[in-house]
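A.B. asks: quick check, what structure comes out for this input:
(chains A, B, C and D)
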Protein chains: 2
Amino acid sequence: MATRPKGRTIDRRNREPEILAAAIEVFHKKGYAAASLRDVADIVGVLKGSLYHYISSKEELLARICVESHKQSSMIMQESLDSADTPLDQLRTFLHKTAIWYLTNIERVHIYFNEGKWLTGDRLEEVRTQGREFHAFIRSLIDRARSEDRIRTDVDPRVAAQLIIGALNNISTWYRPDGLYSPEEIAGIYTDMTLASLANPVPGLVSA
Amino acid sequence: MATRPKGRTIDRRNREPEILAAAIEVFHKKGYAAASLRDVADIVGVLKGSLYHYISSKEELLARICVESHKQSSMIMQESLDSADTPLDQLRTFLHKTAIWYLTNIERVHIYFNEGKWLTGDRLEEVRTQGREFHAFIRSLIDRARSEDRIRTDVDPRVAAQLIIGALNNISTWYRPDGLYSPEEIAGIYTDMTLASLANPVPGLVSA
DNA sequence: GAGAATCTACCAAACAGATGGTTGGTACTC
DNA sequence: GAGTACCAACCATCTGTTTGGTAGATTCTC
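C.D. replies: Modelled structure (predicted):
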């Protein structure tokens, strides 16, 4: 009520968001295993021991990043199912939305996809289960599209799904936000090429 | 001259190949940064200090793995150019050969593609240059195929090349030698899907 | 062929530096 | 006076690397 916000900003602020952002940056740049809490603390401008006022362990920091990403990923899956009627259109929407999401949150999502393996115990099981669900989601869309639309039936949906995820997951190794292409352009190319790779083979081209 | 090779084998053998194999295993499993020389030495059955009889540093061990892989990769590029006349057939051969090579040397090649970044100085520059050459090779085949054959011209060859490499490079995260699919099967699917992704778009399918 | 000198492959111990994590205290705000 | 936000110092453990030494094999000399 009678809290009068002083004009002067205080130095003792809540650094939790800063710490998370710094952790994302460091984990992405060095990889979780090689990243040290000192790196994180240096970015925030604090001694590394002080981080433990906000976190309980290095692993918990990683877990928070993964949980946040998983929520967003789940939302995209649901939105994609709601957005269209045919499995092929749902797949198209999903690929495009996911690529945009990946490209605009590249550090966080890279960690979710590639560094979650460093978690242990229940948290490791959880992130593994999430990975399987992600894969199963794509595979089921391919399966359903195969039985309804005209897409190829001569490639195994499991392998196809892995290759599709792989191309996406690997974007973080080459994409630069200040590069030649916008997230929209890349997402468009990714979606087009992926759907084309599932199209019925052009006789003269593919099977030589 | 009068060197008489004793019939009895000695315990003091040359462990260099064992050390390299162990390093490949450990670097692949844990990643270079998180891998320790103790892990390597444990597999060989030797104290970690003893490794320095064979190597000069941990980084040199990584460099040896990368150099070996680069030689093999260069050979595949040359063979692919020699194997066919049209750029599209050369690309097909290259994709298939590379995928087979990747799948049958997955640990070493994964390290070459993904852990070379931990090198420093000249060796880092070298592995970066090699990566650019690998990318440029695919891109040039796409470029030439576009001007001669009937493949799509509506996607950027740079991005296309990155996505194609990405799908390949990511295989190591999901392929298991004891899994359902053989290297030949996966390489076939990869080649087919990749070429299809470059084919002229099927009107009703890709552009909604 | 005997014996000496050398070499190879390794061990045991130690090095400095970094790591994740803990503890006790303190300055500041409310 | 309570609680938040933080510092300074420390801990045990692990890292890559170096050193000094040594058992056994190989090579050289006579």
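A.B. asks: mean confidence score for whichever strand or helix holds A:E125?
C.D. replies: Using DSSP states H and E, A:E125 maps to helix A:121-148. On average, the pLDDT along helix A:121-148 is 94.
A.B. asks: packing partners for that helix?
C.D. replies: For helix A:121-148, the packing partners by 3 or more C-beta pairs under 8 Å, 6 or more residues apart in numbering or on different chains; DSSP states H and E come out as helix A:58-83, helix A:87-104, helix A:157-169. Quick note: C-beta positions are derived from backbone N, CA and C, even for glycine.
A.B. asks: give me the buried stretch members for the longest one, please.
C.D. replies: Neighbour-count burial for helix A:58-83 flags A:58-59, A:61-66, A:69-70, A:73, A:76-77, A:80 (criterion: 16 or more other C-beta atoms under 10 Å in any protein chain shown).
A.B. asks: name the helix or strand of chain A that has the lowest mean pLDDT.
C.D. replies: helix A:203-206 (a mean of 50; mean pLDDT, DSSP states H and E).
A.B. asks: ok, now how distant is the closest residue to DNA strand C within chain A from B:S172?
C.D. replies: Using C-beta to the nearest atom of the strand, the closest approach of chain A to DNA strand C is made by A:G49 at 2.8 Å. To B:S172, A:G49 is 38 Å away according to C-beta to C-beta, to the nearest Å.
A.B. asks: which of the two has more residues huddled nearby?
C.D. replies: It is B:S172, of A:G49 and B:S172, that has more neighbours when counted by other C-beta atoms under 10 Å in any protein chain shown, with 18 against 10.
A.B. asks: pretty sure the more buried one contacts B:Y112?
C.D. replies: No. Using C-beta atoms under 8 Å, B:S172 makes no contact with B:Y112, being 10.5 Å away.
A.B. asks: ok, the closest residue to A:A160 other than its chain neighbours to A:M75 distance?
C.D. replies: Spatially, and ignoring its direct neighbours in sequence, A:A160 is nearest to A:I142 (6.1 Å; C-beta to C-beta, 6 or more residues apart in numbering or on different chains). Remark: distance between A:I142 and A:M75 (C-beta to C-beta) = 21 Å.
A.B. asks: check A:V46 too.
C.D. replies: 33 Å.
A.B. asks: what of A:L62?
C.D. replies: Counting by C-beta to C-beta, the gap from A:L62 to A:M75 is 21 Å.
A.B. asks: now do A:L88
C.D. replies: For A:L88, the distance to A:M75 equals 21 Å [C-beta to C-beta].
A.B. asks: and A:D85, by the same measure?
C.D. replies: For A:D85, the distance to A:M75 - C-beta to C-beta - is 20 Å.
A.B. asks: could you do A:T191 as well?
C.D. replies: In terms of C-beta to C-beta, A:T191 sits 18 Å off from A:M75.
A.B. asks: how about A:V109?
C.D. replies: Taking C-beta to C-beta, one finds A:V109 at 13 Å from A:M75.
A.B. asks: next one: A:L51
C.D. replies: Separation of A:L51 from A:M75 (C-beta to C-beta): 29 Å.
A.B. asks: repeat that for A:G116.
C.D. replies: Distance from A:G116 to A:M75, by C-beta to C-beta: 18 Å.
A.B. asks: dead centre of chain A: give me the residue that sits there.
C.D. replies: A:V109 (3.0 Å; C-alpha atoms, centre = their mean).
A.B. asks: list the contacts for that one?
C.D. replies: Counting by C-beta atoms under 8 Å, 6 or more residues apart in numbering or on different chains, A:V109 touches A:S69, A:W101, A:Y102, A:S172.
A.B. asks: including pLDDT, could these go into TSV?
C.D. replies: Listed next are the contacts of A:V109 as TSV, based on pLDDT from 0 to 100:
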residue	pLDDT
A:S69	95
A:W101	98
A:Y102	98
A:S172	96
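A.B. asks: from the residues you listed, which is closest to chain B?
C.D. replies: A:S172 (9.4 Å; C-beta to the nearest C-beta).
A.B. asks: now do the closest residue to the closest one other than its chain neighbours, the pLDDT please.
C.D. replies: The shortest distance from A:S172 to any non-neighbouring residue, by C-beta to C-beta, 6+ apart, is to A:H110 (3.9 Å). Looking at A:H110, its pLDDT is 96.
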